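> let me see the structure of the following:
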Amino acid sequence: MIEINSLDACSFRESDEVVAALGAFDGIHLAHQRIIRACNERARARGGMSVLFTFQNHPRTALNPSHPVPLLTPYPLKLQWLRRMNLGAAVGVPFDLAFSEIPAKIFIDDILRGKLAAKEIVVGYNFRFGHNREGDAEMLLSRVPSQFERVTVVQQQQDHDLTISSTVIREIIAQGDLKKAADLLARPYQIAGTIIQGDGRGKTIGLPTANLDVSEQVMPPGGVYGVRVRLGALDAPPLWGVMNIGSVPTFKVDALPSCEIHLLDFDEDIFGCYLVADLLLHLRNERKFSGKDELLAQIRQDIRQFQEWMASQSEEMTVFGMINDER
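Now for the predicted structure:
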């Protein structure tokens, strides 16, 4: 997959027969996957290239930075999943105030037809674009055949009576329903970020932890979770661990929420690495202990509980193969 990080770097030609999928694609959930499959199918049908156009940040965060939208997939993680989806290219650009002021007509003329040289467009039913969100799927459809040969609109996707959307999944995760979130994502919910410097307390009590910068992400309720971890890339060998999300009340008062992972049977320096953790099992809620001895005893119990759960699972338990273009 070709990865392009700015509009100026686009060099698509009419002969590329581009079919472009448009959207924020935060989470790359089941509805997003349907849009991407439709894009790939149309590109194959015309012997062209499937191109996904998205943003490196969430548009609503750029427009209202005091109320940022927590992400399901930070951009580095979103790119890793897109690489697995048989796309020809992904164009991910920063969204800023200047971009938000581009009129819908100019977005079509200069970006979709100009920069992307798109012959066909694929969008979700509720896709909006242009200044003040003036453009929509109907506007794109009205440009057939004058500017596009075809526009495919993927209709609302449902899971029973639940609409599949990034907003709905954020709410589900914040409520702690990891199973329902995994159903809508077609994979366990993942927390990802760069390993940063912690206070080193875990190492002093014999349980070193990797501390993550997860300031951009949707977080489940505070507590302890069993996780499967990969360092650097989704296809890296899996590691296993227990993750604490919360304020570490045994040692801190009025602390900001943090995320730290103790990796089982692992003792390497991974400071600065990019880590992806699949949240597999909620073990318990966060609580305050009388001291480090009681805390250590509980963490060891958490580890035993997670190991017993892992032993009960199928050997085929894997996050991979769940998202692909052949479903």
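
> hey, let's count contacts and neighbours off CA atoms from now on
Will do.

> list phi and psi for residue 273.
phi -70, psi 160 (degrees, to the nearest 10).

> quick one: contacts for it?
Residue 273 sits next to 194-195, 231-232 when contact means Cα atoms under 8 Å, 6 or more residues apart in numbering.

> regarding this structure, what is its longest helix?
helix 292-312 (DSSP state H).

> are there helices or strands packed against it, and which ones?
Judged by 3 or more Cα pairs under 8 Å, 6 or more residues apart in numbering; DSSP states H and E, helix 292-312 is in contact with strand 239-246, strand 274-285.

> got the angle between it and strand 274-285?
100 degrees (axes from the mean of the first three to the mean of the last three Cα atoms, to 10 degrees).

> and helix 292-312, C-alpha only, in PDB?
Taking C-alpha atoms only, helix 292-312 is exported to PDB below (Å, rounded to 0.1, in the frame of the first residue of the first chain):
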ATOM      1  CA  LYS A 292       2.500  -2.600  48.500                       C
ATOM      2  CA  ASP A 293       2.300  -6.100  50.000                       C
ATOM      3  CA  GLU A 294      -1.400  -6.300  49.600                       C
ATOM      4  CA  LEU A 295      -1.100  -4.800  46.100                       C
ATOM      5  CA  LEU A 296       1.500  -7.300  45.100                       C
ATOM      6  CA  ALA A 297      -0.600 -10.200  46.300                       C
ATOM      7  CA  GLN A 298      -3.600  -9.000  44.300                       C
ATOM      8  CA  ILE A 299      -1.500  -8.400  41.100                       C
ATOM      9  CA  ARG A 300      -0.200 -12.000  41.400                       C
ATOM     10  CA  GLN A 301      -3.800 -13.200  41.700                       C
ATOM     11  CA  ASP A 302      -4.700 -11.100  38.600                       C
ATOM     12  CA  ILE A 303      -1.900 -12.800  36.700                       C
ATOM     13  CA  ARG A 304      -3.000 -16.300  37.700                       C
ATOM     14  CA  GLN A 305      -6.600 -15.500  36.800                       C
ATOM     15  CA  PHE A 306      -5.500 -14.300  33.300                       C
ATOM     16  CA  GLN A 307      -3.200 -17.200  32.800                       C
ATOM     17  CA  GLU A 308      -6.100 -19.600  33.700                       C
ATOM     18  CA  TRP A 309      -8.400 -17.800  31.200                       C
ATOM     19  CA  MET A 310      -5.800 -18.000  28.400                       C
ATOM     20  CA  ALA A 311      -5.400 -21.700  29.000                       C
ATOM     21  CA  SER A 312      -9.100 -22.100  28.600                       C
END
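
> packing partners of the helix or strand hosting residue 38?
Using DSSP states H and E, residue 38 sits within helix 30-46. Counting contacts by 3+ Cα pairs under 8 Å, 6+ apart, helix 30-46 packs against strand 18-22, strand 49-55, strand 118-124, strand 150-154.

> buried set for that helix?
Judged by neighbour count using 16 or more other Cα atoms under 10 Å, the buried positions of helix 30-46 are 30-43.

> swap in stretch 87-105?
For stretch 87-105, burial by neighbour count (16+ other Cα under 10 Å) applies to 87-93, 95-96, 100, 102-105.

> okay, and for the stretch 201-327 of the chain, where does confidence drop off?
Scanning the stretch 201-327 of the chain for pLDDT under 70 picks out 201-205, 248-257, 314-327.

> and the protein, what are its domain boundaries?
As given by automatic domain parsing, the domain ranges for the chain are 2-159, 189-312.

> quick one: the helices in this protein?
For the chain, applying DSSP H gives helices covering 30-46, 59-63, 75-82, 97-100, 104-106, 137-141, 166-175, 178-185, 201-204, 292-312.

> now the fifth one: mean pLDDT?
The pLDDT scores in helix 104-106 average 98.

> now do the fourth one
In this model, helix 97-100 has an average pLDDT of 96.

> contact partners of that helix?
So helix 97-100 is contacted by 62-63, 130-132 (Cα under 8 Å, 6+ apart).

> with pLDDT, distance to residue 271 and neighbour count as added columns, please give the residues you listed in CSV.
Shown next, in CSV, are the contacts of helix 97-100 (pLDDT from 0 to 100; distance: Cα to Cα, whole Å; neighbours: other Cα atoms under 10 Å):
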residue, pLDDT, distance to residue 271, neighbour count
62, 94, 29, 17
63, 93, 33, 14
130, 97, 41, 18
131, 96, 42, 18
132, 95, 42, 12
